[in-house]
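Enquirer: sequence unknown, structure follows:
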């Protein structure tokens, strides 16, 4: 099993860095970014500072790498948060100096396209937190979700293990960021289906995974994936992004993992509830339910072709829907099928 460094915890009034290593969307919607920063101050009592490319659309990869290096190397920063995801972060990794990150260990937060940075840190033996972007979770219209706050506080301030919770309701339908008045509105919530559990073994392992679309380009690139031996006794976590991909996309990714022999190494598979609504795909509740069901069936079909026994738990509260649990990537999780519980390491 790969060894990981212990991350330091934060204290109230600590300074934290905010960067945009993917898209510079804070430059287009500064009122959304400002609300997220204010929540960092008021809800978490942290002091955020931004770096030059944070609010710049189309900034160069070299400039984004410079800001990422600066954010990690400044000892005053006790954690690093991303503003949002994007689509080109795979191109950023070659600009990064691994030794700088090993000399400046601190928690990193983000999801979606930030899967590439999570994977980069995982390869160095540095855990990170999958979730908690400034423009999405922190700047949630009408107020942050209580569960999101709770699990972010676990990641930031707490030691020890904590049990994963399941929300009774969820949201995946957005409000237009271009309308400032939407910041005062509350998003539509819908009833949650709860955990969809298949398998009856109790197991544990180190978490590895991320966004399906990002992992596909990782697999195509072939340079940044973990070594086979590093995946011994790991737990795979996956979720799909807001583009609502066809089910063959996740089927191909999982088939690739299976052909690599990785389902003999994974101890369990955790899958976040897929987002099934977007502004250009405003699906009805019935269509959304069918999409989620079909994705679950696709995942289970492929996994069971390669391993008939490991637990596969789907519809978890992480990824591109809300509320959001922050997944401690590179830390241990315990899957207890006998009581249908999942315990995460803070």
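Expert: Sure thing, it's come through. On a predicted model such as this, the values are computed, not experimentally measured, just so you know. Numbering: from 1, shown residues only.
Enquirer: against residue 109, how distant is residue 195?
Expert: From residue 195 across to residue 109, the span is 24 Å (CB to CB, to the nearest Å). Placement of C-beta: from N, CA and C, glycine included.
Enquirer: more crowded one of the two?
Expert: Counted by other CB atoms under 10 Å, residue 195 and residue 109 do not tie: residue 109 has more neighbours, with 25 against 17.
Enquirer: and that one, bridged to which residues?
Expert: residue 81, residue 129 (DSSP bridges).
Enquirer: please name the residues that touch it.
Expert: Neighbouring residues of residue 109 by CB atoms under 8 Å, 6 or more residues apart in numbering: 79-82, 128-129, 131-133, 155, 326.
Enquirer: again, only using 10 Å
Expert: 16, 18, 79-82, 118, 128-134, 137-138, 152, 155-156, 326 (CB atoms under 10 Å, 6 or more residues apart in numbering).
Enquirer: list the buried residues for the longest helix seen in the chain?
Expert: Determined from DSSP state H, the single longest helix within the chain is helix 285-306. Residues of helix 285-306 classed as buried by neighbour count (16 or more other CB atoms under 10 Å): 288, 291-292, 295-296, 298-300, 302-303, 306.
Enquirer: for stretch 154-164, same thing?
Expert: 154-156, 162, 164.
Enquirer: how far does the longest helix of the chain sit from its chain's centre?
Expert: Distance of helix 285-306 from the chain centroid (CA atoms, centre = their mean, to the nearest Å) equals 20 Å.
Enquirer: for that helix, name the packing helices and strands.
Expert: Packing contacts for helix 285-306, counted by 3 or more CB pairs under 10 Å, 6 or more residues apart in numbering; DSSP states H and E, involve strand 190-191, strand 196-198, helix 247-259, strand 266-272, strand 312-316.
Enquirer: show residues contacting the first one.
Expert: The one in question is strand 190-191. Taking CB under 10 Å, 6+ apart as the rule, strand 190-191 contacts 168-173, 277, 285, 288-289, 321.
Enquirer: quick one: distance of it to the chain centre.
Expert: With CA atoms, centre = their mean as the basis, strand 190-191 stands 22 Å off its chain's centre.
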